[in-house]
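> Take this sequence and fold it.
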Amino acid sequence: MRFCILSSGSSGNSAIVVTEGTRILLDAGFSARRLGSLLASAGESIERVEAVFITHEHSDHSSGVESLKKYPHLKFFANSATARAIQRNLSWTPQWQIFPTGQKFRFQDIDVESFSIPHDAQDPVGFRFTSGLDDLFSPRRTLTWVTDLGHAPQGVRDRIRESDVLVVEANHCARMLEADPKRSWTLKRRIGGRHGHLSNERMTELLASVASPRWRRVYLAHLSRDCNSRGAVEQALDQLRTVLSCEFSIVGHGEGTPFYELS
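Next up, the predicted model:
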């Protein structure tokens, strides 16, 4: 299994996961044209993708569903509340593949687990993707994706512990959010609340409290354009690097990553 983040941030989010048996998109927060361009830059194409897994209905994760009607072969995986929320704004009906939150299921050669996360959406989820034959040539590896959450309850901590690669958000610096002149007091309370987004400080507390020796690489994503910076995230990482030996990758606002192979 290998994956890359196509682009991440408050303006849009999407990633691709590739295995021997399939290709899937994780979220579609960009138009089909933009997704096509991002995929082409990664050496991939929408035509080769089989399915889209959607974490929740907010536009920076789902706005591309409408224009993806040009690709009728795609299947769209979401729980029922998320699918209903997205469907209300569509001019077509995708091939919805509805799963109950918390269910484990298999798509092609990927074992999928969804789990609930605390965010101000209908029924937001994180995902764990596991693939491989569990032998010398194809070890089983797990990628866990958990962004858009205001805090991390025990269920989230349990799932990220048993992961080889983790994508978690470092959305904002608390001090930068408080000082931001563009956002109202109400919006600041929403972003920083328990159903908003993880700050650098809360991200640090989460990773330090779990500190799994299994982690190979941790991606810090979904950075705010105005209320975070690479330098602020690096500063937050200073204390983590004393307790964690894994590699860290900071994904700046609107940036993507090269492919990473979970071998």
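
> wait, doesn't Thr55 sit right on Gly126?
Yes: Thr55 lies in contact with Gly126 (C-beta atoms under 8 Å); the separation is 6.9 Å. All C-beta atoms are positioned from the backbone trio N, CA, C, and that covers glycine.

> what's the overlap in contacts for the two?
Common contacts of Thr55 and Gly126 (C-beta atoms under 8 Å, 6 or more residues apart in numbering): 145, 147.

> Quick check: Trp185 vs Gly192, distance?
As judged by C-beta to C-beta, to the nearest Å, Trp185 and Gly192 stand 11 Å apart.

> what do you get for Arg217?
Using C-beta to C-beta, we find Arg217 at a distance of 27 Å from Gly192.

> again with Ser229
For Ser229 relative to Gly192 (C-beta to C-beta), the value is 17 Å.

> what does Arg48 give?
40 Å.

> the more surrounded of those two?
Under the neighbour definition other C-beta atoms under 10 Å, Arg48 and Gly192 were set side by side, and Gly192 has more, 19 against 11.

> hang on, the more buried one packs against Met176?
No: in this structure, Gly192 is not within contact of Met176 by C-beta under 8 Å, at 11.0 Å.

> The residue lying closest to Met176 once chain neighbours are set aside: which element?
Sequence neighbours aside, Cys227 is the residue nearest to Met176 in space, at 4.6 Å (criterion: C-beta to C-beta, 6 or more residues apart in numbering). Per DSSP states H and E, Cys227 falls between elements, in no helix or strand.

> Could you give the backbone dihedrals for Thr62?
To be clear, residue 62 is Ser; Thr isn't right here. Main-chain torsions, Ser62, degrees, to the nearest 10: phi -140, psi 0.

> ditto for Lys188
Main-chain torsions, Lys188, degrees, to the nearest 10: phi -60, psi -40.

> do Ser80 as well
Phi and psi for Ser80, reported as degrees, to the nearest 10, are phi -60, psi -40.

> Now do the strands in the stretch 151-263 of the chain.
Ranges of strands within the stretch 151-263 of the chain are 165-169, 217-221, 247-250, 260-261, based on DSSP state E, counting those that start in this stretch.

> For the ones you listed, give me TSV that also has mean pLDDT and distance to Cys4.
Output for the strands of the stretch 151-263 of the chain, formatted as TSV (pLDDT from 0 to 100; distance: least, C-beta to C-beta, whole Å):
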stretch	mean pLDDT	distance to Cys4
strand 165-169	98	11
strand 217-221	98	10
strand 247-250	98	11
strand 260-261	97	7
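
> Redo those strands as a markdown table? Include distance to Glu205.
Formatted as a markdown table, those follow (distance: least, C-beta to C-beta, whole Å):
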| stretch | distance to Glu205 |
| --- | --- |
| strand 165-169 | 12 |
| strand 217-221 | 14 |
| strand 247-250 | 16 |
| strand 260-261 | 25 |
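
> Export those as JSON lines, with columns for distance to Gly36 and mean neighbour count.
Formatted as JSON lines, the strands of the stretch 151-263 of the chain follow (distance: least, C-beta to C-beta, whole Å; neighbours: other C-beta atoms under 10 Å):
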{"stretch": "strand 165-169", "distance to Gly36": "22", "mean neighbour count": "25"}
{"stretch": "strand 217-221", "distance to Gly36": "21", "mean neighbour count": "24"}
{"stretch": "strand 247-250", "distance to Gly36": "25", "mean neighbour count": "16"}
{"stretch": "strand 260-261", "distance to Gly36": "22", "mean neighbour count": "14"}
